[in-house]
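A.B. asks: Everything below, folded, please.
(chains A and B)
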Protein chains: 2
Amino acid sequence: MVTLNDIAAKLGISKSTVSKGLNNASDVSEELRRKILETATELGYIGRRGPKKLCILIENMGYQDPNQFGYDLIAGFQEMARPEGWAVDVVPLTEEYQRTITYQQFMAQGRWRGAFVLGFSLLDPWMEEFRTAQIPTVLYDNRIKENPCMASVGCDSTSGLGAAVRHLCSLGHRRIGLLCGPLESYVLKERYNAYINAMAECGLPVDEELIGMGYYVAESTRTYLPKLIEKGATAILCSDDSRAVAAYTECRDRRLNIPEAVSIVGFDDLPIAAYMNPPLTTIRQDRPALGKCGYYALSCLLNEVDIDSIHLRAPLIVRGSTGPAPERGTPQPEQPEKEALLLWQRNMTAV
Amino acid sequence: MVTLNDIAAKLGISKSTVSKGLNNASDVSEELRRKILETATELGYIGRRGPKKLCILIENMGYQDPNQFGYDLIAGFQEMARPEGWAVDVVPLTEEYQRTITYQQFMAQGRWRGAFVLGFSLLDPWMEEFRTAQIPTVLYDNRIKENPCMASVGCDSTSGLGAAVRHLCSLGHRRIGLLCGPLESYVLKERYNAYINAMAECGLPVDEELIGMGYYVAESTRTYLPKLIEKGATAILCSDDSRAVAAYTECRDRRLNIPEAVSIVGFDDLPIAAYMNPPLTTIRQDRPALGKCGYYALSCLLNEVDIDSIHLRAPLIVRGSTGPAPERGTPQPEQPEKEALLLWQRNMTAV
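C.D. replies: Next up, the predicted model:
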C-alpha cells in the first residue's frame, strides 16, 4: 500500500509537505503541488485510496433540464452509483480550462477515482491525453482504441440511421438530405458515414449538395434547410433532435408543411419529440440506460476488467413527421437558385 | 397481468387443460401442449411469471474442466446471477436436438426467462429462429442485428489480432500463417477478416497458401501446419489456444523448435497457456468477465433496456513462443514439395 511517506521519499520532501500539497494548502508553491499530485497519481496513492468519489465531466451538452440530452444520462449513472456508496460530482468543462491543467492533475486534485466523460469533441485538449492517462475513464460517444484505461459507451448509430433511410425510401423518398453537426466529433463522423452507407445500401446516390453541417444549430439550419429543399430534398435527416426542432421552425417560416412538403427525422428521442406538432419521427437513444451502462463500464475498469465498449440499440420511432414523398423532380441546375426556391415555396404553400 | 384464463380463452380450452399442458401432464396431446406453450409465450405468461430461472445453452465448447473455455464463462455468469436470486441451468445442446423443438418451445418448457448462448455456429438451426424469437437472449461471439431481444457479448478480435501481427512484424516475420476453425462461425469470420486486415496494415501480402482451416483441431493442424511451414511461414497465428497446443505437438513431432524455427501465437489465454513449454504468446479473453458481462446484458434485456453489445478488449500477452524470424526466403515453387519440407526440417533441427 502506497503511503504519504512513499511520495515524500520519492520527491525528497517531508510527509507534512506532501499532505499540505494534497490538501491545497496555501504555503505550498503551485509547482511543488503539481509535482506532489503527479507523483501521488503515478504511485497509485490517488485512485485507490481516499473518498469513494467519481465525476461526470460534461461539455457541449445541456443537462439541467429534463429536455436536455445530458439530464437522463447523469440521472441513470447516479441511480447506479449511489446505492454502491459512490459520491458523484458533475463538473462542466471548457476547452480553455483543459488548457490550464492536465487531466491527470485535475483528477488527482479532485481525488476522483474515475470519470464518465460526456460531450467531448475530437478537438478537446484532454482527448490527446486520454491516449495515455492511467485513470479509469468512460467516454460517451467517443473511442480511444489504444488505452485499456478507457472504455466507450454509446448507441449503434449505424442500424438506427439504416432503418431511417429504409423507412424514407419505402415512402418513396429518393433525395434524402442530412443536417449534421460538425465532424470534429467521433459520433457525428460515425453518423455521417452511416448516412452515406445507408443511402448506398438503398441504391440512392449521395449528393453533397444535400448535406449541411454546422456547430450552431439554429444558424446552420437556417442556412442549409432552404438550400437542401432547393436542391430537391423531400426528406431531411437531422443528426440530433435539437436540429429537428430548428428544422420545424424553418419549415413553418417557409410554409413548408411537415410531412406533406418535407419529411423530417431526428436523432435522440428527447422527451419533447413525442409532443411536437407533428410528433417527430426519430431514432431513440435510451439515455437513462446509457448512463447506467456508463456506470457499469466504469465499475468494470475500477475492478480491472478490460471493458472496451457497450452499445445500445438505437431503434427508429416512427411518428407523424415522415410521410409519402411529394411528387417532384430534381430542380434544373440551370435555373437561378433564388428563383427556384421561390417557385418551390409557392408550389408548396399552394398545396 | 396475463393469467391461465387468458391462455385458455385464446385457445378455447379449459384453464385446467392449460395448467396440465404447462406442467407436461401425460393426458394432454403433444400438439395441444405445443399450442399452449406457444400461446403462453406469445401472451407473455411465460417469461415474466414463474420461477426465477435462466439457462446457459452450450455447444461446441468444453466447460467441465477449468482448462476448457466454457468453465470460467459459466462461473462468471453464475457469480453475478446467483446473488440476485436466479437459478441458472447449464444445458448442453446439439444441432440434432434443435431440429426436434423450436427455441421458443424449448424455453417455455423449461420455464426459463432468458438464455446465455455459448458456442453456436452459424449453421445451428436455432440461429434462424433467433432473428424473430421474443425471448431475452445473449449470444456469446454471435450477433443478430435485427432482433432487439438479442444482445451480443464478446472480445474485440480486431485489435488483438492487429497487435499480434504487429508484434510478429516487429520481430522480422513477413510470412505469417493462420490456422483457423471453420468460417461457419461468426467470430471466426471476424478473426479471419482481422488477420487479413492486420496483414494489409503491416504491408504484408496475404497468401492463401498460408491459411489452413478445419473443424477438428488435431486433424486439421496435422494437415496444415507442415503445408504452411513448407510455404515459408515463419510464424503461425492460431484462432484458439487448443489449436496452438496442437501446433506445439506437430512442431515437436517435426523437430521444429519454438520459437527458433517457428513462432506460435494462440487466442484465448486458457490457464494452460502460461505453463506450456515455451509459455504461449496469446491473445487474452477474460472469460470470467465475459460471463459477468453476459449476465449484465441479459439483465438489461430482462429490464427492457435495448442493449446491443458489450465488448471487452483482447490484449496480446507476449510470452516465450514468439521470437525473431529465422532467416530464410520463400521456398522455390519449382522444388518438389516433400523435398523442400525435408530439407527445411533438416536445416531447422541442425540449429
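A.B. asks: For the stretch 151-300 of chain A, what lies in contact range of chain B?
C.D. replies: A:Cys155, A:Asp156, A:Ser159, A:Asp286, A:Ala289, A:Lys292, A:Cys293, A:Tyr296, A:Cys300 (Cβ under 8 Å from any Cβ of the partner chain). For the C-beta atoms, the positions are set from N, CA and C on the backbone; glycine is no exception.
A.B. asks: I'd guessed A:His173 sits against A:Thr234; true?
C.D. replies: Yes - counting by Cβ atoms under 8 Å, A:His173 touches A:Thr234, with 5.1 Å between them.
A.B. asks: Need the residues touching each of those two.
C.D. replies: Residues within reach of A:His173 and of A:Thr234 at once, by Cβ atoms under 8 Å, 6 or more residues apart in numbering or on different chains, are A:Ser263, A:Ala325.
A.B. asks: and the closest residue to chain B within the stretch 151-300 of chain A, what helix or strand is that in?
C.D. replies: Using Cβ to the nearest Cβ, the single residue of the stretch 151-300 of chain A nearest to chain B is A:Ala289, 4.3 Å away. Assigned by DSSP states H and E, A:Ala289 belongs to helix A:287-302.
A.B. asks: That helix to helix B:287-302, inter-axis angle?
C.D. replies: 170 degrees (axes from the mean of the first three to the mean of the last three Cα atoms, to 10 degrees).
A.B. asks: And the contacts of helix A:287-302?
C.D. replies: Helix A:287-302 is contacted from outside by A:54, A:69, A:71-81, A:84, A:113-116, A:136-138, A:140, A:149, A:151-155, A:306-307, A:309-310, A:312, B:289, B:293, B:296, B:300, B:305-307, using Cβ under 8 Å, 6+ apart.
A.B. asks: That helix: how far from the chain's middle?
C.D. replies: Distance, stretch centre to chain centre, for helix A:287-302: 16 Å (Cα atoms, centre = their mean, to the nearest Å).
A.B. asks: Just the mean pLDDT for it, thanks.
C.D. replies: When pLDDT is averaged along helix A:287-302, the result is 95.
A.B. asks: What ranges does the stretch 151-300 of chain A have for its helices?
C.D. replies: Shown for the stretch 151-300 of chain A, the helices assigned by DSSP state H, counting those that start in this stretch span residues A:157-170, A:186-201, A:217-230, A:241-253, A:287-302.
A.B. asks: Which of those sits closest to B:Thr102?
C.D. replies: helix A:157-170 (26.0 Å; Cβ to Cβ).
A.B. asks: Show me which residues of the closest one are buried.
C.D. replies: A:Ser157, A:Thr158, A:Ser159, A:Gly160, A:Leu161, A:Gly162, A:Ala163, A:Ala164, A:Val165, A:His167, A:Leu168, A:Cys169 (16 or more other Cβ atoms under 10 Å in any protein chain shown).
A.B. asks: Now do the same contact list for A:Thr322.
C.D. replies: A:His167, A:Leu168, A:Leu171, A:Ala235, A:Pro259, A:Ser263, A:Ile264, A:Val265, A:Thr281.
A.B. asks: Need those residues in TSV (columns: pLDDT).
C.D. replies: Shown next, in TSV, are those (pLDDT from 0 to 100):
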residue	pLDDT
A:His167	98
A:Leu168	98
A:Leu171	97
A:Ala235	98
A:Pro259	97
A:Ser263	98
A:Ile264	98
A:Val265	98
A:Thr281	98
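A.B. asks: Would you mark the buried spots in stretch A:181-193?
C.D. replies: Buried, per 16+ other Cβ under 10 Å, within stretch A:181-193: A:Gly181, A:Pro182, A:Ser185, A:Tyr186, A:Val187, A:Leu188, A:Glu190, A:Arg191, A:Tyr192.
A.B. asks: What lies in contact with that stretch?
C.D. replies: Under the contact criterion Cβ under 8 Å, 6+ apart, stretch A:181-193 has outside partners A:121-123, A:141-143, A:154, A:157-158, A:161, A:178, A:180, A:213-215, A:217, A:239-240, A:243, A:267.
A.B. asks: average pLDDT for it?
C.D. replies: Rounded mean pLDDT across stretch A:181-193 is 92.
A.B. asks: again, but for stretch A:208-224
C.D. replies: What stretch A:208-224 shows for mean pLDDT is 94.
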